[in-house]
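In: kindly generate the corresponding structure for this input.
(chains A and B)
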Amino acid sequence: MVQKYSDLNPSALDALQELGNIGIGNAIRSLASMSGRLIDMDIPTINIIPFQEAPTLVGGAETIKAGILLKVQGEISGMFLCLLDNDVTKILLEELLQKAPASIDALDEMSLSALGEVGNILCCSYINALSNMLDFTISISVPSVSVDMAGALLSIPIIEFADHGDELMFIEHRFHFDQIALISHILFLPEIHSLNALLHCLGISHA
Amino acid sequence: MHEVHIVGIAEAKVAMHQEVLVSYALGSCVGVCLYDAKLCMAGMVHILLPYQRDSHAQENEYKFADSGIRQLIQLMLSFGAKQNRLTAKIAGGADMLQVNPYLPAIGTRNVCAVKEILSDYHIPIIAEDTGNNYGRSIWFYAETGQLQIKSVHHRTEFI
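Out: Below you'll find the predicted structure:
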C-alpha cells in the first residue's frame, strides 16, 4: 500500500502514464469530432508536487482560464479538471454555438453550459476508456464551470487533497489545436487509495 | 517603494512599515490579515481548511484556520505586537466549482471557522470581502493596514 504519491515506484508511474494515454486518446478523439479541428496531444506527464507549486505548473496563479471540474467516484475516485486557455475556449464556443463570445470574462449561461458539456464529454470518454479496460464501475458528477484565475480554480482540488496530505498528483495532458500552439491542460487527480486498487488490478507492485 | 512578500498557500508572514504582504488567487482559501496599528505590523496567513483536528494530514499547521491563526498570533506577539491591539480583515472563501450541491461548500466552511476562531481570541473583524463565487488576489499594506482586493470580474477595491 502506498501512503504518499511520492512513494510510487517507476513501474507504477509508467502504468499510470499509459492509463492516462489511453484515457486522453479517447477524450481527444471526442473533442476533435465535436470541434471539427485537428488536435494533437503530448505524451502525458505524471506530476507529483507540493500543492504550493501547482499554480505555476499551469501557467501562473493569476492567469485567467476556463475551469471545468468533475468529481469521479467509484472504484477510482478523484477529480478531473480541464483548464482551457482563452483562445481554446473561444475556438470551442465558436464551433459549438456558431458565434464567438464577446468576452471570455463575461460568458453567458449558454456558453457556460456549452463549456460544461465539453468537460462532460472529455471526462466521460477518458473515464470510459479506463473503466472498460479495468472493468471498474466509476460514476461522474455533473460539471461545474468557472472562468477565473487559475490559482483560484485549482484551490478546489488543492483543498480536497490537502485534507489527506501535502502533495498533489496529477496526470497532465497538454493538447494543441490545428498545429498552433494553443496549449490547454486536462488534469486527472486520482485519490491515493484508489491508486492502490488500480495498481493492484493491473498486477503491478507499486512500492 | 514597497517591499512585497508573497504569502503562499498554507504559509504565514509578518511585515512592518513599508512592506506589503500578497496572496495570489485565493479561491475557497481564506486570507486572514491581522494588524497592530500602533506598530504598523501586518500579519497574513493563507488557510485552506477549517480545523486541524478534522484532517487526515495535520503536519502543516498553517493549512488550517484554527492552528494557522494561532501560529500567526504567536508570530506577531514574538515581534512585539499586543493581542488586545490586533484587528482583522479577511478575504476569500469563495464557493466556486462546486461539484457536490448537498454539502456545505468549503469556502463557506472556511469563513465560518475563521470568524469563530477570531472571536475566541477577541480579535474584531473590521472589514471582509468573502464568499460569492470568484477568486481574489490580496495586498495587505503594513503602513496603513489597508487591504487591496483584485478580482477578474470586479473592480479593485480597498477595505
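In: could you use CA atoms for every contact and neighbour count after this?
Out: Will do.
In: hey, where'd the helices end up in the chain?
Out: If you meant another chain, say so; for now it's chain A. A:10-35, A:54-57, A:86-97, A:109-134, A:150-162, A:192-201 (DSSP state H).
In: other chain: chain B
Out: B:65-78, B:106-120.
In: just to revisit the earlier point, among the helices of chain A, which comes closest to chain B?
Out: Comparing these against chain B with C-alpha to the nearest C-alpha, the closest turns out to be helix A:150-162 (3.8 Å).
In: is the closest one anywhere near chain B?
Out: Yes: using C-alpha under 8 Å from any C-alpha of the partner chain, helix A:150-162 reaches chain B at A:150-156, A:159, A:162.
In: min pLDDT across these, which one?
Out: For the residues of helix A:150-162 next to chain B, the weakest pLDDT value sits at A:A162, with 85.
In: identify the residues contacting residue 34.
Out: Going with chain A. Residues near A:M34 by C-alpha atoms under 8 Å, 6 or more residues apart in numbering or on different chains: A:L96.
In: should've been chain B
Out: Counting by C-alpha under 8 Å, 6+ apart, B:L34 has contacts B:42-44, B:86-89.
In: look up the closest residue to it, ignoring the ones flanking it.
Out: B:A88 (4.6 Å; C-alpha to C-alpha, 6 or more residues apart in numbering or on different chains).
In: what are the bridge partners for the one you found, then?
Out: As for beta bridges, B:A88 partners with B:L34, B:I125 under DSSP bridges.
In: number of residues surrounding it?
Out: 21 (other C-alpha atoms under 10 Å in any protein chain shown).
In: contacts only, for it.
Out: Counted by C-alpha under 8 Å, 6+ apart, B:A88 has contacts B:32-35, B:118, B:123-127.
In: wait, which of the contacts of B:L34 is closest to chain A?
Out: The closest of the contacts of B:L34, once distances to chain A are taken by C-alpha to the nearest C-alpha, is B:M44, at 16.3 Å.
In: what does chain B put close to chain A?
Out: Residues of chain B lying near chain A by C-alpha under 8 Å from any C-alpha: B:8-10, B:24-29, B:48-49, B:55-57, B:63, B:96-100, B:134-136, B:152-153.
In: these two touch, right, A:L92 and A:S35?
Out: Yes: counting by C-alpha atoms under 8 Å, A:L92 touches A:S35, with 6.1 Å between them.
In: ok, the residue in chain B positioned nearest to chain A - contacts?
Out: Residue nearest to chain A within chain B (C-alpha to the nearest C-alpha): B:G27, separated by 3.8 Å. For B:G27, the contact set (C-alpha under 8 Å, 6+ apart) comprises A:151-156, B:92-96, B:107, B:134-136.
In: show me where pLDDT drops low in chain B?
Out: Chain B contains residues with pLDDT under 70 at B:1, B:100-102.
In: many thanks, have a good one.
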